[in-house]
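Chemist: Just need the structure, nothing else, for what follows:
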Amino acid sequence: MRGLVLAALVLISAACEPEPLVVPTASQVRAYYTSDAITEVEMSGNVAVLTVRQSAAQLRRGGSLWARVGPYIYLFTAPTQRAFRDYNGLAGIRVVTRVGNAEVARALLRRDALNDITWKRALNVNGLARRDGSERPSLIEDLIRWGEDHTDFEYNPRYRR
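Modeler: Sure thing, here's the model as predicted:
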């Protein structure tokens, strides 16, 4: 009996110890993303910052809609979800979109902003926007609304109506 109590206490104390926080390096974060449009990945404390090159032609065609959607196309993805799952010390991922030297938009997705159910919805909204957004701009608007509801964001006034 005494051995059973001791074993239970060991298990309880082991369960109470917090898991050490693991923060990735910039190169570890970069390995999750395959897009050539990502020009830089750096860590700012425990936040990964991805800089993405956006084409000027895309902004001329799509205007403020494409300017605002840029960060969300990269944030609400399986690679972002996996990075959060694999690195419990990763507090957030920020995507900054740029045209040349000008910043167009930025958005920060905090690790606790989405749960399992809302992640599924985020992936779906993003997938539909990427697949059919050119023919149905309302899907791009849906992704922008989703992003604005779940991130801290900022848009360059020059690219926003």
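
Chemist: got a list of what His150 touches?
Modeler: Contact analysis of His150 by Cβ atoms under 8 Å, 6 or more residues apart in numbering lists Leu109, Ala113, Leu114, Thr118, Ala122. Any C-beta I mention is one placed from the backbone N, CA and C, and that applies to glycine too.

Chemist: change it to 10 Å
Modeler: By Cβ atoms under 10 Å, 6 or more residues apart in numbering, the residues touching His150 are Tyr72, Leu75, Phe76, Ala107, Leu109, Arg110, Ala113, Leu114, Thr118, Arg121, Ala122.

Chemist: Could you tell me how far stretch 100-119 lies from the centre of the chain?
Modeler: Distance of stretch 100-119 from the chain centroid (Cα atoms, centre = their mean, to the nearest Å) equals 4 Å.

Chemist: for stretch 57-70, same thing?
Modeler: Counting by Cα atoms, centre = their mean, stretch 57-70 comes out at 19 Å from the chain centroid.

Chemist: pLDDT weak spots in this structure?
Modeler: Within the chain, the set of residues satisfying pLDDT under 70 comprises 1-16, 161.

Chemist: Whichever of the contacts of His150 end up buried, select them in ChimeraX.
Modeler: The buried residues among the contacts of His150 can be selected in ChimeraX (16 or more other Cβ atoms under 10 Å) with this line:
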select :72,75,76,107,109,113,114,122
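
Chemist: List the buried residues for the longest helix seen in the chain?
Modeler: If you go by DSSP state H, the chain has its longest helix at helix 56-75. Using 16+ other Cβ under 10 Å as the test for burial, helix 56-75 gives 59, 62, 64-75.
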